[in-house]
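# Sharing a sequence plus its predicted fold:
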Amino acid sequence: MKSLIKNYINLNLFKKNLFSKIFFVTCFFIKFFKLFRHNYRIIFKNQVDYSKLKLIYSLPRSGTHYSYYIINSYTEMLHNLGDGMPKIKKDKRFLNEDELIYGIKKTQLVKRLDFKFQVIDEELPEIDYDQAYVGHHPIPFDNLMDFNKIKPVVLIRSPEESVSSYVLLDFNRRLKKHKIKINDIYNYKTLIFHQCNLHLKFLDYWEKKYKENNEKILIIRFEDLINETFLTCSKIINFWNIKLDEKLLLKSIEINSKDSLKKKGYSNFVVQTPEHQDELRKKIKEIIKDYIKNKKISFSNLY
């Protein structure tokens with residue numbers, strides 16, 4: 001019966017007749033109703049305990065994955081959910097790259113409205129307050145979060161470093177077939193300036209938030225996360241009032257080190273710029289530096 005209906009639709013849909021109109025309108029309103037119901041529920045039915053919520057808001061290319069992986073590994077061992085060792089899984093967005101999955105219950109925190117006409121899950125995801133959630137607000141705007149109640153960890157980095165790293169990552173992901181040389185970089189100034197504006201928007205937003213109430217925001221600099229990992233992650237754990245077990249934290253840091261992940265078979269170290277692109281990155285930094293200098297802005301509360 002289903003196949004007969006499907007065949008009838010396939011044979012008649014291209015015709016501009018009453019059936020086509022009814023079919024189109026029906027499909028539209030079914031999708032619209034699902035979208036309406038989903039957004040209604042996440043606005044009015046979704047309850048968040050902000051005192052328990054653990055949020056990391058980061059400037060892109062500022063240690064998001066590294067800190068997130070360490071916290072996940074630590075939490076897994078702290079609550080006896082596993083040995084802290086991640087499983088390697090293909091990234092859904094970039095199939096040629098990998099992501100790491102830990103033993104804690106991985107859930108999705110709904111932070112913004114969905115305006116896409118797509119199949120939407122019936123049930124709202126349950127918030128796991130032992131898990132840390134990440135985001136880049138206000139680059140993508142999280143309009144469902146009450147920013148007067150959250151207590152976030154904010155990862156920052158020099159715009160020259162973060163933008164140049166992001167631009168090169170973008171090149172390596174989306175322009176693999178193009179061999180971009182140093183002199184070619186000026187053809188991509190629009191892209192570089194766009195990313196500069198987004199990164200400056202992030203820093204400006206959290207600069208103001210931190211100035212309003214610095215006790216509710218923990219600022220973590222990328223350099224500290226990399227060079228003083230144990231001390232920096234200890235600050236994050238204490239900030240969220242999580243029990244600090246120094247041995248477990250050291251173990252989670254070791255598990256998520258580059259050498260350990262390599263031995264496990266993880267090779268997707270997109271956090272690093274390939275050596276052959278050092279000169280290209282240097283040129284990108286010069287463009288960024290001049291652009292920011294002309295704007296005459298500073299972030300004294302963050303640096």
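Thanks, I have the structure now. Numbering: from 1, shown residues only.
# Excluding residues flanking it in the chain, which one is nearest Leu191?
Leaving aside its sequence neighbours, Leu191 sits nearest to Val167 (Cβ to Cβ, 6 or more residues apart in numbering; 6.6 Å). Heads up, the C-betas are built off the backbone N, CA and C, glycines and all.
# so the one you found makes contact with Ile192?
Yes - proximity of Val167 to Ile192 meets the contact threshold set by Cβ atoms under 8 Å, at 5.7 Å.
# which ones are touching the residue nearest to Leu191?
Residues counted as contacts of Val167 (Cβ atoms under 8 Å, 6 or more residues apart in numbering) are 188, 191-192, 195, 284.
# repeat that with 7 Å
Residues near Val167 by Cβ atoms under 7 Å, 6 or more residues apart in numbering: 191-192, 195, 284.
# Where does it sit: helix, strand or coil?
Per DSSP: H, G, I helix; E, B strand; the rest coil, the secondary structure class of Val167 is helix.
# And the pLDDT for it?
On pLDDT, Val167 comes in at 89.
# how close does it get to Ala132?
Between Val167 and Ala132 the computed distance is 27 Å (Cβ to Cβ, to the nearest Å).
# cool, and Thr64?
11 Å.
# These two: who's more crowded?
Legend: neighbour count by other Cβ atoms under 10 Å for Thr64 and Ala132, higher for Ala132 (23 against 20).
# Now do the strand or helix carrying Tyr74: everything it contacts.
Assessed by DSSP states H and E, Tyr74 sits inside helix 64-78. The set of residues external to helix 64-78 that reach it, using Cβ under 7 Å, 6+ apart, is 56, 58, 82-84, 86, 100, 102-104, 130-132, 134, 155, 225, 233, 236, 243, 245, 248-249, 251-253, 255-256, 271.
# try 8 Å
54, 56, 58, 81-86, 100, 102-104, 130-132, 134, 153, 155, 220, 225-226, 229, 233, 236-237, 242-243, 245, 248-249, 251-253, 255-256, 271.
# do the same with stretch 142-151
The contact list for stretch 142-151 (Cβ under 8 Å, 6+ apart) reads 42-43, 46, 48, 50-51, 53, 55, 110-113, 135, 137, 209, 216-217, 239-240.
# Just the buried positions in it, please.
By neighbour count on 16 or more other Cβ atoms under 10 Å, the buried set for stretch 142-151 is 142, 145, 150-151.
# Export those as CSV, with columns for secondary structure and pLDDT.
Output for these, formatted as CSV (DSSP: H, G, I helix; E, B strand; the rest coil; pLDDT from 0 to 100):
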residue, secondary structure, pLDDT
Asp142, coil, 90
Met145, coil, 89
Ile150, coil, 92
Lys151, coil, 93
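# Which single one of those residues is nearest to Lys293?
Of all the buried residues of stretch 142-151, Asp142 has the smallest distance to Lys293: 30.7 Å, by Cβ to Cβ.
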